[in-house]
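Colleague: Got a predicted structure plus its sequence, pasted below:
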Amino acid sequence: MDNLIDVLIVGAGPIGIACGIEAKKNKLSHIIIEKGCLTNSLYNYPINMTFFSTSERLEIGDTPFVSTNPKPKRAEALEYYRRIESKFDLKTHLFEEVLTINKIEGTFQVITSKSVYSAKNVIIATGFYDIPMYLGVPGEDLEKVRHYYNDPHYYANQKVVVVGASNSSIDAALEVYRKGAEVSLIIRGKEVSPRVKYWVRPDIENRIANGEINVYYKSNIKQITEHEVQIETPKGLVSIENDFVLALTGYRPNFEFLEKIGIDIPKESPCIPRHNPETMETNIENLYLAGVVCGGLNTHLWFIENSRIHAQLIINNILKKELDS
């Protein structure tokens, strides 16, 4: 077991890194524990992804993010946050999963896949990209069904069904279409989501209008088989030939882990974990939330650009408690 740590951070995404920077600036000992690679969620984004925000809104640690594009791409963000982590010489443990967190006599015991740590304060900055929102239909467990999307080349010349109306779905539909795929877009509502990036919307609308991408509005997948997908549409059940299904219907935080460590989560949607928005402290004293995990199922509530402030709120609260004690 390591010596007592001031701040242990779970998650080495941009907000977890920001929390580490604030801890180090204020001379608090820290460790960041990440179950995957550095900025694991960003790494698993589609290879050609472009951020909605400009680079300056993604900056942390008072360090400029210089991009060659008006909107930075995934590769640029990975390099930026890697350099930030290196610049501040953060104590980051990668490919180490936190299994559970227990509070014993005011101190947190953090058990991981590799070690056991003791900490005064714990920050959960795990994001929401771990668990897909499943369709819950027969055939969803087939190998051809994917809930994550990476490279469009893989789907060249294939019949691809894309499920969803938001940025990830629309980007995937356009990219695989341009690799020669025959694309059918399944949208539960009556239109493409208004949240779709403004420079992408005209592209998808034109592809649909020209009949280059098939779209089924107000529709849902009912069943997936090896060679077909059955879709419930306003005109009845439709079956189409199919090679792959990209079910990009969103993701959710690991509520089971949060509940396991004692954080209260209301059962009603959007299932926002209990925390004080002024300090980010949960119902467990000295256990904090940071970043998009704070929004529960409302994954459009927090982003890198508006949750960077969480790091300062948390560290300021920790310092205040130390002064008051």
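Modeller: Arrived safely, thanks for sending.

Colleague: Tell me how this structure divides into domains.
Modeller: Residue ranges for each domain of the chain read 5-131+251-324, 134-247, as given by automatic domain parsing.

Colleague: next one: the shortest one to chain centre, how far?
Modeller: The reference is to domain 134-247. Centroid separation between domain 134-247 and its chain, computed with Cα atoms, centre = their mean, to the nearest Å, is 21 Å.

Colleague: State the number of residues packed around the closest residue to Glu228 other than its chain neighbours.
Modeller: Using Cβ to Cβ, 6 or more residues apart in numbering and skipping residues adjacent in sequence, the residue nearest Glu228 is Ser239, 5.1 Å away. For every residue, glycine as well, the C-beta is placed using N, CA and C. Per other Cβ atoms under 10 Å, the neighbour tally for Ser239 reads 13.

Colleague: how close does Ser239 get to Phe65?
Modeller: 48 Å (Cβ to Cβ, to the nearest Å).

Colleague: now swap in Leu246 and tell me
Modeller: Taken as Cβ to Cβ, the span from Leu246 to Phe65 is 30 Å.

Colleague: So those two - more neighbours on which side?
Modeller: Leu246 (25 against 19).

Colleague: Can you name the residues bridging to that one?
Modeller: Beta bridges link Leu246 to Arg146, Val162 when assigned by DSSP bridges.

Colleague: So it is in contact with Lys159, correct?
Modeller: No - in this structure Leu246 lies outside contact range of Lys159 using Cβ atoms under 8 Å: 11.7 Å.

Colleague: residues in contact with the residue nearest to Glu228?
Modeller: Glu228, Val229, Gln230, Ile231 (Cβ atoms under 8 Å, 6 or more residues apart in numbering).

Colleague: Val162 versus that one, what's the distance?
Modeller: In terms of Cβ to Cβ, Ser239 sits 17 Å off from Val162.

Colleague: ok, now Leu289?
Modeller: According to Cβ to Cβ, Leu289 stands 32 Å off from Val162.

Colleague: doesn't the residue nearest to Glu228 fall inside a helix?
Modeller: No - looking at Ser239 with DSSP: H, G, I helix; E, B strand; the rest coil, it is strand, so not inside a helix.

Colleague: what's the next secondary structure element after the longest strand along the chain?
Modeller: In the chain, with assignment by DSSP state E, the single longest strand is strand 116-124. Per DSSP states H and E, the first helix or strand lying C-terminal to strand 116-124 is strand 131-132.

Colleague: and that following strand, what does it pack onto?
Modeller: strand 251-252 (3 or more Cβ pairs under 8 Å, 6 or more residues apart in numbering; DSSP states H and E).

Colleague: name the helices or strands packed onto the strand it packs on?
Modeller: strand 131-132.

Colleague: And the closest residue to Arg201 other than its chain neighbours, how close does it get to Asn283?
Modeller: The shortest distance from Arg201 to any non-neighbouring residue, by Cβ to Cβ, 6+ apart, is to Val192 (6.6 Å). Between Val192 and Asn283 the distance is 39 Å, computed by Cβ to Cβ.

Colleague: Which residue of those two possesses the greater neighbour count?
Modeller: Just comparing Val192 and Asn283: by other Cβ under 10 Å the higher neighbour count belongs to Val192, 22 against 13.

Colleague: I'd like the domains of the chain as a markdown table, with mean pLDDT appended.
Modeller: Below are those laid out as a markdown table (pLDDT from 0 to 100):
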| stretch | mean pLDDT |
| --- | --- |
| domain 5-131+251-324 | 96 |
| domain 134-247 | 97 |
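
Colleague: show me the residues around the closest residue to Leu142 other than its chain neighbours that make contact.
Modeller: Counting by Cβ to Cβ, 6+ apart, Ile224 is the residue found nearest to Leu142 once chain neighbours are left out, at 5.9 Å. Ile224 makes contact with Val137, Pro138, Gly139, Glu140, Leu142, Lys144, Val145, Gln230, Asn242, Val245, according to Cβ under 8 Å, 6+ apart.
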